[in-house]
Each structure stands twice: as C-alpha cells, then as structure tokens.
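J.: One predicted model, sequence on top.
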Amino acid sequence: NAGVTQTPKFRILKIGQSMTLQCTQDMNHNYMYWYRQDPGMGLKLIYYSVGAGITDKGEVPNGYNVSRSTTEDFPLRLELAAPSQTSVYFCASSYRQGGEKLFFGSGTQLSVL
Amino acid sequence: RKEVEQDPGPFNVPEGATVAFNCTYSNSASQSFFWYRQDCRKEPKLLMSVYSSGNEDGRFTAQLNRASQYISLLIRDSKLSDSATYLCVVNWGVTGGGNKLTFGTGTQLKVEL
C-alpha cells in the first residue's frame, strides 16, 4: 500500500500565484486532513473532510480551499499566495474520528517569495 | 497558557541512557492522548497511545496523570535511532466530525555515542 501520497514535495511560489497541493490515499479512509507546520510551532489544522462531498474548516483556513469529490483525493488549493503561507504542509487520513491514528503524507515544503 | 506545552529541548543523552519527557495540557475535558515521533523533515508517525493506567511498548513507557493534566514518555536504553522530535498530541473531543487534535511543538531528543 502506498498510504497517503502528497505532491509536490517542494514548491516555490511568487506572491499572488495560485497552486494546488495534491493528496491521495489508498486505505479507503473516510477522514482526511490538511495541516501546516511552521518552525517551532505545532501542527495546525487547515481543513478536514469526513467523507466525499463533505469538508469543513479547521483552525487556520484563511487563504485556502479544499474539495473532496472522491474518498481517495483531498486537494488543497492556495489562492493568491502570501509569504505567511510559507510552511510545510501535511495531508493525513484516518479510518475514524476521535483520536484514531493519523497516517501522514510525506509533506510539501512551500516557499512564497 | 498554550493548550499543549512541551519543553522543546534538545535533550542530549548518551546511548543507553534513560530519558523522560513531560507534556502538559490545559483542557481538562481532553479525552485521548498520544505520542508521535517526527524525524527531521519527515512526517509525524504514531509512536504510542497513552492509556489511563499507563502503558508500555518495549523500551517506551507512557503515563497519564489526569489530576495534574500531564502525560509523560519514558525511553529506556536509548538508541541512536531514537534521535527525533517527540510530539505530544491531545484530543479534546469531536465536534461535528473530524478530530480535535492539538499538537504540541515537540521535544527534540539527540542520542549520542
């Protein structure tokens, strides 16, 4: 099993550009999440989804959008990139909610210059 | 007060030593607790859940003290491969779906020859 796959691994954006971070999982998990991790900070939840067609905001959703058209895919869209969005982004999935083990992708290191 | 607090370290210990980390949490309604391990520039991976009665997995022992609102991780006979950042994770419930996981900023462990 591939688990959770994220692409790209690295990206540099100019201020104002847009991009989509891709995330797919092959474990048939209903729950998927996007986190960002800044240096010296804990992971912060951006958006999450409890199943295809259902998404909701996390702690830090501003500047991002998501969609969940299938169980497998949960892309994260950055519109009008800003330097404050420079971070490492992790996609994760879990079989059920409420403290279940999270499976993380390998991360995307994004720099906005 | 931060929701989840950890000493960032680094804890520099010789191989074979015993080392312990504590993590305090502010929400008394927290329901479940975990230790994740994160290697440099890699994704977090679940190390172990923390149960009320305490639990052990090989060289790793986790304890929960609800009265004082902290969890601990003890590593015996440290190996070079234990060098990583250890994230304390607290789940204080589910609201309409999706984990309410709060990640600590992590404690860095360096095991030396």
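T.: That came in fine, so what should we check first?

J.: any bit of the lowest-mean-pLDDT helix or strand in chain B sitting next to chain A?
T.: Using mean pLDDT, DSSP states H and E, the weakest-scoring helix or strand in chain B turns out to be strand B:101-103, at a mean of 88. Yes. Strand B:101-103 reaches chain A (CB under 8 Å from any CB of the partner chain) through B:L101, B:T102, B:F103. Where C-beta positions appear, they are placed from N, C-alpha and C, glycine not excepted.

J.: quick one: which of these is nearest chain A?
T.: Ranked by distance to chain A (CB to the nearest CB), these are led by B:F103 at 3.8 Å.

J.: and the closest one, what does it touch?
T.: Applying CB atoms under 8 Å, 6 or more residues apart in numbering or on different chains to B:F103 gives the contacts A:Y35, A:G42, A:L43, A:K44, B:V4, B:Y36, B:P44, B:L87, B:C88, B:V89.

J.: before we move on, what about A:K57?
T.: Counting by CB under 8 Å, 6+ apart, A:K57 touches A:Y47.

J.: Is it bridged to anything, and to what?
T.: A:Y47 (DSSP bridges).

J.: In this structure B:V90 contacts B:A29, no?
T.: No. With contacts defined as CB atoms under 8 Å, B:V90 does not count as touching B:A29, sitting 10.2 Å away.

J.: Settle it for me: which of these two has more neighbours?
T.: B:V90 (25 against 7; other CB atoms under 10 Å in any protein chain shown).

J.: Can you pull the poorly scored residue ranges out of chain A?
T.: A:1, A:97-100 (pLDDT under 70).

J.: again, 90 this time
T.: Flagging of chain A using pLDDT under 90 yields the residue ranges A:1-2, A:39-42, A:94-101.

J.: Now residue 16. Nearest residue, chain neighbours left out?
T.: No chain was given, so I picked chain A. A:L80 (5.5 Å; CB to CB, 6 or more residues apart in numbering or on different chains).

J.: not what I meant, chain B
T.: Nearest residue to B:G16, sequence neighbours excluded (CB to CB, 6+ apart): B:D77, at 5.7 Å.

J.: For that neighbour, give me its contacts.
T.: Under the criterion of CB under 8 Å, 6+ apart, the contact list for B:D77 reads B:G16, B:T18, B:R59.

J.: ok, so of those residues, who is nearest A:F103?
T.: Set against A:F103, the nearest of these by CB to CB is B:R59 (23.7 Å).

J.: For the closest one, what are phi and psi?
T.: Taking degrees, to the nearest 10, you get phi -80, psi 0 for the backbone angles of B:R59.

J.: on that earlier part again, Serialize the contacts of B:F103 to CSV and add fields for neighbour count.
T.: Shown next, in CSV, are the contacts of B:F103 (neighbours: other CB atoms under 10 Å in any protein chain shown):
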residue, neighbour count
A:Y35, 28
A:G42, 21
A:L43, 28
A:K44, 16
B:V4, 24
B:Y36, 24
B:P44, 26
B:L87, 25
B:C88, 28
B:V89, 27
